[in-house]
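Novice: what's the 3D shape of this:
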Amino acid sequence: MKNWPDYGRLDQQPMLAQYLLFPRADHTPPPPGAFDLMVPVEPNRDIEVACRFYSGQAEWPWMLYFHGNGEVASDYDYIYRMYHAHRINLVVADYRGYGMSSGYPNFRYLARDAQVLYGAVREELSRRNYLLDLWIMGRSLGSMSALELAAHYQEEVQGLIIESGFASVTRLARQWGLPVDLSVLLSVEEQCLAMIRTITLPALVIHGQVDSLVSPREGRLIYETLGSSQKRWLPIPGADHNDIMIVDPQKYFTGIGEFVSGA
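Specialist: Predicted coordinates for the structure are as follows:
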């Protein structure tokens, strides 16, 4: 059995969640053509997590997208058009306490719920007779969920995209000088890096070159650690953490489109 990261150890340091998790409620209805799916992640406690599906064409592949911290699925009510422009359907997953989702997030739930959401998304696509050509993408905080899925479902997923991501929460704590006991968390970082080495999916890693929140070194570490033989490093010059999609949208979205299409 593989030694998967013990994210529960992160939750034993409550200051990590206080600094890194910012849930925001939102009940914006989906735009025309989109729909929401509430996924039970802990049925005995009536806890559900929302996913928003932006369907373009039935023959297009699907991108299961885990957004950044402080964001919610409805923030992509306009951004999805950029994916459609590159013939990619988009489904954006929230986390506990984000958007319409109930409960409250922690790091263990980010990893565990991602697997439940993945299964529910595949089931919903199949039920609607959509193409089960599924790709995984994680932005910033979402890189944690995306890496977890990529490691577990390599025989089913077509490829992985990490944008503004990090290999381990502990590395952010060190970079930001957070008041936590890093000595007890080093094993989690080692486990995360070991998990990333097992990922052999085609991969694209995107990072802003002047990202002041998550250092480009973190994205580069993911890129270099991935076990993929087909991988691409895509830096976006002049881009910080939260403007990476708008500094050079052509480079950003063309990179994603070419990766998914195999161009």
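
Novice: now the helix or strand containing Arg220: buried residues?
Specialist: Taking DSSP states H and E as the definition, Arg220 sits inside helix 216-225. By 16 or more other Cβ atoms under 10 Å, the buried positions in helix 216-225 come out as Pro216, Glu218, Gly219, Leu221, Ile222, Tyr223, Thr225. Every residue, glycine included, has its C-beta placed from N, CA and C.

Novice: Tyr54 versus Arg122, what's the distance?
Specialist: 17 Å (Cβ to Cβ, to the nearest Å).

Novice: who has more neighbours, those two?
Specialist: Tyr54 (25 against 17; other Cβ atoms under 10 Å).

Novice: once you drop chain neighbours, what's closest to that one?
Specialist: Leaving aside its chain neighbours, Tyr54 sits nearest to Tyr80 (3.8 Å; criterion: Cβ to Cβ, 6 or more residues apart in numbering).

Novice: how about stretch 139-156: buried residues?
Specialist: In stretch 139-156, counting by 16+ other Cβ under 10 Å, buried: 139-153.

Novice: restricted to strands, list these.
Specialist: Residues of those located in strands (DSSP state E): Arg139.

Novice: and which of the buried residues of stretch 139-156 is nearest Gly103?
Specialist: Ser145 (15.2 Å; Cβ to Cβ).

Novice: wait, isn't Leu201 in contact with Gln154?
Specialist: Yes - between Leu201 and Gln154 there is a contact at 5.5 Å, judged by Cβ atoms under 8 Å.

Novice: ok, the residue lying closest to Trp176 once chain neighbours are set aside - how many residues close by?
Specialist: Nearest in space to Trp176, with sequence neighbours left out and distances taken as Cβ to Cβ, 6+ apart, is Tyr19 at 7.2 Å. Counted with other Cβ under 10 Å, residues neighbouring Tyr19 total 16.
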